[in-house]
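>>> Sharing a model that was predicted from the sequence below.
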Amino acid sequence: MRSQPSQNNFDFLGFGLGLRPDHYLDIIEQQPEAIDWFEVLTENYLVPGGKPLYYLDQVKERYPLVMHGVSMSLGSTDPLDKDYLQQVKNLADRINVRWLSDHLCWTGVQHKNMHDLLPLPYTEEALKHLVSRITQVQDFLDRQILIENVSSYLTYSSSAMTEWDFITEIANQADCYILLDINNIYVSGFNHNFDPLTYMQGIPIERVKQFHLAGHSNNGDHIIDTHDHDVIDPVWKLYAAALERFGKVSTMIERDDHIPPLATLINELAQAKHIARDVFPDL
């Protein structure tokens, strides 16, 4: 007999997609019921006025929204950008966001943006720095945030702990939540030769509030997290294991390039629902 899957206490939004301009009209005109919610790329909607906000205001009337950013640069030693954080706060209030997230990484230094999600050394010094930064951000925004594990292609010789221990300590000490990217665990596990299941076992159930699923590019000896392909079978299997461990967690699929028609992504989202219903028949 299969053991009962875990349960958590978070609101379960269901199964969502990343909101992309290619799909604005289809979403507004068709209002597909197969999509339960959307994740908004924060930086796309920080400029006052214009068509992005026009469409976003319409989508928010029909679907729950969460925000996902790429510019907090939590791991940087540059001062936090308070102007940016105020814009994030204003947008969150405007669209009544359910929660917001960013990445456990750094994106630049000395005010130069590298436009990439750069990994950190897993050290006590970096941990304390991140806990302080996340605490400041949460105090400014007056809400807890989610931090996402990034895919990585290098490691640091100075690292003194595993990535999963690092993330766990940060979430516990900063009292924030985790956006667990299932594809990123698979990608980094392949690149750095660790077991994705061991990674997930090291993450506390009570901190995981959202899942990401995505595709990637396999270059033979390494994998790049490109978000331009369908989710592959090993990632689907890892998703099933994540549901068993963490319970009913709001799940969405990311697609950022080679974006197919909305109907194609809805079909892929149906696969996530099918897998989840195998674990939770009441869904």
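Perfect, I can see it now.

>>> where exactly do the helices run in the stretch 1-150 of the chain?
Counting by DSSP state H, counting those that start in this stretch, one finds helices in the stretch 1-150 of the chain at the ranges 24-30, 51-60, 82-94, 124-141.

>>> Need the residues that contact the first one.
In this case it means helix 24-30. Where contact means C-beta atoms under 8 Å, 6 or more residues apart in numbering, the residues beyond helix 24-30 that reach it are Leu19, Pro32, Ile35, Phe38, Tyr55, Gln58, Val59, Arg62, Pro261, Leu262. Placement of C-beta: from N, CA and C, glycine included.

>>> Distance across stretch 195-206, terminal residue to terminal residue?
Stretch 195-206 has an end-to-end distance of 22 Å (C-alpha to C-alpha, to the nearest Å).

>>> should've said stretch 216-236
Terminal residues of stretch 216-236 are spaced 13 Å apart (C-alpha to C-alpha).

>>> Quick one: mean pLDDT over that stretch.
With pLDDT averaged residue by residue, stretch 216-236 scores 85.

>>> Make a markdown table out of the helices of the stretch 1-150 of the chain and add distance to Ser151.
Putting the helices of the stretch 1-150 of the chain into a markdown table (distance: least, C-beta to C-beta, whole Å) gives the following:
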| stretch | distance to Ser151 |
| --- | --- |
| helix 24-30 | 28 |
| helix 51-60 | 27 |
| helix 82-94 | 23 |
| helix 124-141 | 18 |
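
>>> Could you export these to CSV, including columns for mean pLDDT?
Shown next, in CSV, are the helices of the stretch 1-150 of the chain (pLDDT from 0 to 100):
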stretch, mean pLDDT
helix 24-30, 97
helix 51-60, 96
helix 82-94, 97
helix 124-141, 98
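
>>> Buried residues of stretch 150-162, list them for me.
Within stretch 150-162, the residues scored as buried using 16 or more other C-beta atoms under 10 Å are Val150, Ser151, Ser152, Met161.

>>> Show residues contacting it.
So stretch 150-162 is in contact with 103-105, 117, 119-124, 169, 181, 183-184, 187-188, 191-192, 194, 199, 202, 216, 222-225, going by C-beta under 8 Å, 6+ apart.

>>> Noted, bye for now.
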